[in-house]
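> Output the structure for:
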Amino acid sequence: MKLISACLIGISCRYDCKTLENQQMMELVKNGLGIPVCPEQLAGLSTPRVPAEILNGKVVDKNGLRLTEKFVHGAQEALKIAILSKCDQAYLKSKSPMCGCGQIYDGTFSKKLIEGDGIFTQLLKKNGINVQDISSD
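The predicted structure follows:
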């Protein structure tokens, strides 16, 4: 089974409510091979919400609100779904502070990318689940 960022199948769960549709990800869900999940919504964050980035290992939103604990909670809840569903692979939204894999924004809200993983990606990797970054922009 594959875990998929819900925003990649057109669910309005991103911070800006934009819908993203990746046809390959949608087909996985339609065929019963993928499970959509949004760890940020599982964290109790609203949609829409102020953008957040990781700075020095901590998640903060553009207004300076610290969100690390919420992000960790949402990632843990999403991991439970992955484990219960026997997911061996995750396809996650690129550059996100939760789901980014390999590259994330640098925490300055200047659109500068750095090497790194989002909170959920880190947790999945620690638990042996392979993560693939899906670019949508």
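> And for V60, the neighbour number?
Neighbour count for V60, taken as other CB atoms under 10 Å: 19. Where you see a C-beta, it was placed from the backbone N, CA and C, and this is true even at glycine.
> Not counting sequence-adjacent ones, nearest residue to it?
R66 (5.6 Å; CB to CB, 6 or more residues apart in numbering).
> ok, how many other residues are close to K18?
The tally of other residues near K18 (other CB under 10 Å) stands at 12.
> quick one: K2 from Q132, how far?
Applying CB to CB, to the nearest Å, the value for K2 to Q132 is 9 Å.
> Between the two, which is the more surrounded one?
Higher neighbour count among K2 and Q132: K2, with 19 against 13, using other CB under 10 Å.
> This protein: strands as residue ranges?
Per DSSP state E, the chain carries strands over the ranges 2-5, 34-37, 52-55, 58-61, 89-93, 103-105, 113-115, 130-134.
> so what pLDDT did the residue nearest the centre of the chain get?
Geometric centre of the chain, nearest residue: C99, 2.7 Å, by CA atoms, centre = their mean. Here the pLDDT value assigned to C99 is 97.
> what's around the nearest residue to it once chain neighbours are set aside, how many residues?
Spatial nearest neighbour of C99, chain neighbours left out: L92 (3.6 Å); criterion: CB to CB, 6+ apart. Residues lying near L92 (other CB under 10 Å) number 26.
> now swap in the one 5 residues further on and tell me
Residues contacting P97 under the criterion other CB under 10 Å number 27.
> Also L28?
That count, for L28 with other CB under 10 Å as the rule, works out to 22.
> what does K80 give?
11.
> so how far is T108 from it?
According to CB to CB, K80 and T108 sit 33 Å apart.
> cool, and L20?
To T108, L20 is 24 Å away according to CB to CB.
> So the two - more neighbours on which side?
In this comparison of L20 against T108, neighbours counted by other CB under 10 Å, the higher total goes to L20 at 19 against 10.
> is it true that that one touches S96?
No. Counting by CB atoms under 8 Å, L20 stays clear of S96, with 11.0 Å between them.
> Can you tell me, leaving aside adjacent residues, what's nearest to N127?
In space, and not counting its chain neighbours, N127 is closest to L79: 6.3 Å by CB to CB, 6+ apart.
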